[in-house]
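In: Sequence plus the predicted model coming up.
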Amino acid sequence: MRLSNGETPKIREISGVVSDMQHELTRVSGARPFGVTATVVGVDTVSMLHGNGSVGRPRLFQSEPGGIMEEYEYCAAGKGRTEAEVTLTELHARLVSSSSSGTTNNTTTIMEQVVEGVTNAVFDADDTNNTQRVDIWLIETTAPGGECRRGNARIRCAKAVSRTDLELVKRRFARG
């Protein structure tokens, strides 16, 4: 997707197109609307004023079937969403308070708490025991010129994770 002058679109613009399409398809007679929450993740490249290269700014948007689009720092979707978001909010608040107080955090420990906390919240929220596997996506920013490409972002995914796989996933994410 290129804009009229050939420039690369920002993640917000791409998310807007997704949101508009979802909204339009819920309004058009005979169209089959999307009945899912769309999560759009990307990195907007921002040129550095002094020095060479550019730095990536990660962006995360969700669009609901009715076309409502919001930007988030973290989010969850699907069954167990509410419980996962409560856990994410608690972990985020803990991270922010420890950062502002000058406490040094072990990034691996924080990541493990996020993976375990959110995954267990999703499994525990399903009282019918139908949730047996979840997908976990971890998106981190990296320093410009680092080993990762994709706009200086490192994206990792663990698909179809069961409760018994959780320790293995935490170790693999911790290794990098």
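Out: Arrived safely.
In: Buried ones in the helix or strand hosting I110, by neighbour count?
Out: Per DSSP states H and E: I110 is located in helix 107-125. Within helix 107-125, the residues scored as buried using 16 or more other Cβ atoms under 10 Å are 111-123, 125. Where C-beta positions appear, they are placed from N, C-alpha and C, glycine not excepted.
In: wait, V41 sits on E140?
Out: No: applying Cβ atoms under 8 Å as the test, V41 and E140 come out as separate, 11.8 Å apart.
In: Now name the helix or strand holding G16.
Out: helix 11-27.
In: That helix - contacts with which helices or strands?
Out: When contacts are defined as 3 or more Cβ pairs under 8 Å, 6 or more residues apart in numbering; DSSP states H and E, helix 11-27 sits against strand 38-47, strand 54-63, strand 69-71.
In: ranking those by burial, who's on top?
Out: strand 54-63 (a mean of 19; mean count of other Cβ atoms under 10 Å).
In: Neighbouring strands of that one in the sheet, and parallel or not?
Out: As defined by DSSP bridges, the strand partners of strand 54-63 come to strand 38-47 (antiparallel), strand 69-71 (antiparallel).
In: For Q22, find the nearest of those.
Out: Smallest distance to Q22 across these (Cβ to Cβ): 6.6 Å, for strand 38-47.
In: Only alpha carbons, please: show that closest one as PDB.
Out: What follows is strand 38-47, C-alpha atoms only, in PDB (Å, rounded to 0.1, in the frame of the first residue of the first chain):
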ATOM      1  CA  ALA A  38      -8.200  -7.300  14.000                       C
ATOM      2  CA  THR A  39      -4.800  -6.600  15.700                       C
ATOM      3  CA  VAL A  40      -2.400  -4.600  13.500                       C
ATOM      4  CA  VAL A  41       1.200  -4.500  14.600                       C
ATOM      5  CA  GLY A  42       4.000  -2.600  12.900                       C
ATOM      6  CA  VAL A  43       7.000  -0.300  13.200                       C
ATOM      7  CA  ASP A  44       6.900   3.200  11.900                       C
ATOM      8  CA  THR A  45      10.400   4.300  10.800                       C
ATOM      9  CA  VAL A  46      11.300   7.800  12.100                       C
ATOM     10  CA  SER A  47      14.400   9.500  10.600                       C
END
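In: Please work out the average pLDDT along that strand.
Out: Average pLDDT, strand 38-47: 76.
In: Give me the angle between that strand and helix 11-27.
Out: If you take axes from the mean of the first three to the mean of the last three Cα atoms, to 10 degrees, strand 38-47 sits at 160 degrees to helix 11-27.
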